[in-house]
Structures are given as C-alpha cells and as structure tokens.
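Participant: what shape does this take:
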Amino acid sequence: QLQLVESGGGLVQPGGSLRLSCAASGEGLDYDAIWWFRQAPGKEREGISCISASGSNANYADSVKGRFTITRDNGKNTLDLQMSSLKPEDTAMYYCSAPGDAGPIWGQGTQVTVSS
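Facilitator: Next up, the predicted model:
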C-alpha cells in the first residue's frame, strides 16, 4: 500500500524559502497526479498545487502562484515543493496526497511556520 512521508518544514522568516519533500513507498507514483495541500489552524484544508503524472503540467492556487514550484521525480518516487517569498499567511501544516484505491492517501504532514 502506498505511503507518503513529508519532510522539510520548519521555521522561516518572512521572505525566506523552504523546500518540502514527499517520499512515496509501497507503490510507485508514476501514474498519478499528486497534490500538495495545506491546513492552517482553524481553516479548511486547501489544495495549493498539483502536478501531472508525467510532471509536464502543474497548477497552483492563486495564493501561491509565482512563489511556489512543484516538481516530481518518478524514478525516485518523490515530490517536492519549492517555496519562496514566504509570508506569515503561508503558516500551515503541509500535506502531500495521491489517489488510492479507497480514496486519497495522505502523509502525516510537515509544519511550516513563517514568522519573524
């Protein structure tokens, strides 16, 4: 069964950068589009970016467009999210997600805190 593990979160100052990673195990990710979501305290989980199975197409929420870049390496079964020009409102738990037979599969999340 597919398992996802996020890493790379932390505390960063406004304007700074972080790179999140999502590692897949159990199954390959080659055939699926994959998402990054985030959830801030008291708010609903928000889909912020997705990338096609081949990696050739990516989409972004308006809130992160131009600042975040999603990439994937199917050979390594990894998904990354390069985040730059971070703002306090980017503070949230970040999750990667992929389709599963019984519904979406989620990682445990990695916390990103943007604060001076």
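
Participant: contact partners for the residue nearest the centre of the chain?
Facilitator: Geometric centre of the chain, nearest residue: Trp36, 3.1 Å, by C-alpha atoms, centre = their mean. For Trp36, the contacting residues are 20, 22, 47-50, 68, 70, 79, 81, 94-97, by C-beta atoms under 8 Å, 6 or more residues apart in numbering. C-beta here means a position set from N, CA and C on the backbone, and glycine is covered the same way.

Participant: which residue is the nearest non-sequential neighbour of the residue of the chain most remote from its centre?
Facilitator: Relative to the centre of the chain, the most outlying C-alpha is that of Ser116, 22.9 Å out, by C-alpha atoms, centre = their mean. Excluding its sequence neighbours, the residue lying closest to Ser116 (C-beta to C-beta, 6 or more residues apart in numbering) is Gln13, at 5.3 Å.

Participant: just Gly109 next, same as before
Facilitator: Met93 (4.3 Å).

Participant: quick one, strands of this protein?
Facilitator: Assigned strands in the chain, in chain order: 3-7, 10-12, 18-25, 34-39, 46-51, 58-60, 68-73, 78-83, 92-98, 105-106, 110-114 (criterion: DSSP state E).

Participant: tell me, what's the model's pLDDT at Leu2?
Facilitator: At Leu2, the model reports a pLDDT of 87.

Participant: same question, Leu29
Facilitator: 69.

Participant: cool, Asp80 as well?
Facilitator: Reported pLDDT for Asp80: 97.

Participant: can you check Ile34 too?
Facilitator: As predicted, Ile34 sits at a pLDDT of 93.

Participant: so it touches Cys22, yeah?
Facilitator: Yes. Ile34 sits in contact with Cys22 when judged by C-beta atoms under 8 Å, with a separation of 7.5 Å.

Participant: the two: which has the busier surroundings?
Facilitator: Neighbour totals were compared for Ile34 and Cys22, and Cys22 leads with 26 against 23 (other C-beta atoms under 10 Å).
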